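Q: I'd like to go over a predicted model; first the sequence, then the structure.
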Amino acid sequence: MRTKPYIPDNSALGYSVGTTLDRFIKMKQDDFPFASGELSQLLRDIALAAKIVNREINRAGLANIGGAFGQTNVQGEEQQKLDVIANIRFTRALTKGGEVCAVVSEEDDEVIDLQNNSGKYVVAIDPLDGSSNIDVNISIGTIFSIYRRVTPLGSPIQPEDIMQPGNKQVAAGYVLYGSSTMLVYTTGHGVNGFTYEQSLGEYFLSHPDMKAPASGNIYSVNEGLYNQMSNGLQSYINHCKENNFSARYIGSLVADFHRNLLKGGIYIYPGTTKTPNGKLRLLYEANALAYIAEQAGGKATDGHERILDIMPTSLHQRTPLFIGSEKLVDEAKTFLSEEARVVDMAAGVQKG
Ligand SMILES: O=P(O)(O)OC[C@H]1O[C@](O)(COP(=O)(O)O)[C@@H](O)[C@@H]1O
Ligand SMILES: [Mg+2]
Ligand SMILES: [Mg+2]
């Protein structure tokens, strides 16, 4: 089946050329006359912090803010200076904005309780995604998920405000600091992408109503892990090769996801024999992108289960991730299920 890549077309959707992010958010807000506007403001806060982080990234090489920070985070990964700077910038914006009561960040071991019990929202964030690519001038990103707190406003935050499955997200998005900087987000009514015009300091709607091609011929996986993969996954990767797929892997989740969203493809970060739950974090990496993928007509699973239905049990929980074009994610699942069936049959034979 041939599928078409997504080609932006503003005119077809009735958005005038030059629709800024602020204006777009306002237009959407007007569709919900009873909404308080706090979610809109929260999105603006994140967009503003992303401008500042974008500036820091652009001058990192000159301002001596590239390279390692000299500490490890809770995952035992070496923090880069820009990881720390981005974390400070985003948490500061979320604190000052006043709409948020708590933040979960890759760079903080514990939940950050903003001591703002009137804040309606909880944010989970990967302030800088693709850290290993910072110093080599390759695209990196920011990923965020927004949840409504479930306990009454005015009371202290509780674990159930934080440990919500992805299907409870009210908004999610990412910023891609690439050959141009883009902000892509959803509030559950489709996905829209905005390109940042640096000299004007504005984001403009460049990718309205983004749609993931139903299929594609790109597969993105760290094939260095091949020998640690399950037989089913190895078979799927061989299937991609036999069908002349293109292998594309940047090593920055946001950038790999964005490319496949536009062109059609599948991104896989699998569980392996060494790390059965893979590398990526459910709360601030997988959930946001899964929500966006689904809103664009794509799919996201852990190889078996829908990502958005996984009930988190710990803050920095990891999950395997299969995400992208629906047909490819389904196909990968078939290979994994077939393997599970063969293993079950073999176990049955042994028992019998
Ligand atoms: O180097 P690997 O094992 O392929 O991992 C790459 C993955 O790790 C990540 O860099 C993890 O994100 P962080 O940089 O936020 O820790 C993803 O962006 C990327 O997809
Ligand atoms: Mg990341
Ligand atoms: Mg990160």
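A: Yep, it's here. Ligands and ions are numbered 1, 2, ... in the order given.
Q: At the contact with ligand 2, which residues of the protein appear?
A: Applying C-beta under 5 Å from the ion, we find that the chain lies next to ligand 2 at 126, 129. Backbone N, C-alpha and C define where each C-beta goes, glycine included.
Q: go with 8 Å
A: 106, 126, 128-131, 141, 143, 252-254, 280-281, 284-285 (C-beta under 8 Å from the ion).
Q: If we check ligand 1, which of these are in contact?
A: Counting by C-beta under 6 Å from any ligand atom, 106, 126, 129, 130, 131, 252, 253 from these sit close to ligand 1.
Q: Turn those residues into TSV, including pLDDT.
A: Listed next are these as TSV, based on pLDDT from 0 to 100:
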residue	pLDDT
106	95
126	97
129	97
130	96
131	90
252	98
253	98
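Q: Which pair in those residues has the greatest spatial separation?
A: 106 and 252 (13.8 Å; C-beta to C-beta).
Q: hang on, residue 66 packs against residue 59?
A: No. Residue 66 is not in contact with residue 59 according to C-beta atoms under 8 Å; the separation is 9.7 Å.
Q: Please say which of those two ends up with more neighbours.
A: residue 66 (17 against 12; other C-beta atoms under 10 Å).
Q: Do a quick rundown of the helices in this structure.
A: Per DSSP state H, the chain carries helices over the ranges 21-30, 38-59, 81-97, 159-162, 231-242, 253-263, 287-295, 326-351.
Q: From the ones next to ligand 1 among the residues of the chain next to ligand 2, pick the one nearest residue 90.
A: Taking those together and measuring to residue 90 by C-beta to C-beta, the closest member is residue 126, at 9.7 Å.
Q: in the sheet, who's paired with the closest one?
A: residue 143 (DSSP bridges).
Q: residues in contact with it?
A: 105, 106, 141, 142, 143, 144, 281, 284, 285 (C-beta atoms under 8 Å, 6 or more residues apart in numbering).
Q: and what of residue 61?
A: Residues near residue 61 by C-beta under 8 Å, 6+ apart: residue 137.
Q: What lies in contact with stretch 86-93?
A: Contacts for stretch 86-93 (C-beta under 8 Å, 6+ apart): 45-46, 48-49, 52-53, 56, 103, 105-108, 112, 125, 127-128, 142, 144.
Q: ok, now stretch 146-157?
A: Counting by C-beta under 8 Å, 6+ apart, 39, 42, 101-102, 111, 113, 117-124, 158, 160-161, 164, 168-172 sit against stretch 146-157.
Q: From start to finish, how long is it in a straight line?
A: 15 Å (C-alpha to C-alpha, to the nearest Å).
Q: what is the mean pLDDT for that stretch?
A: Per-residue pLDDT over stretch 146-157 has a mean of 96.
Q: Not counting sequence-adjacent ones, nearest residue to the residue most central in space within the chain?
A: Centroid-nearest residue in the chain, with C-alpha atoms, centre = their mean: residue 289, separated by 3.5 Å. Among residues not flanking residue 289 along the chain, residue 257 sits closest, at 5.3 Å (C-beta to C-beta, 6 or more residues apart in numbering).
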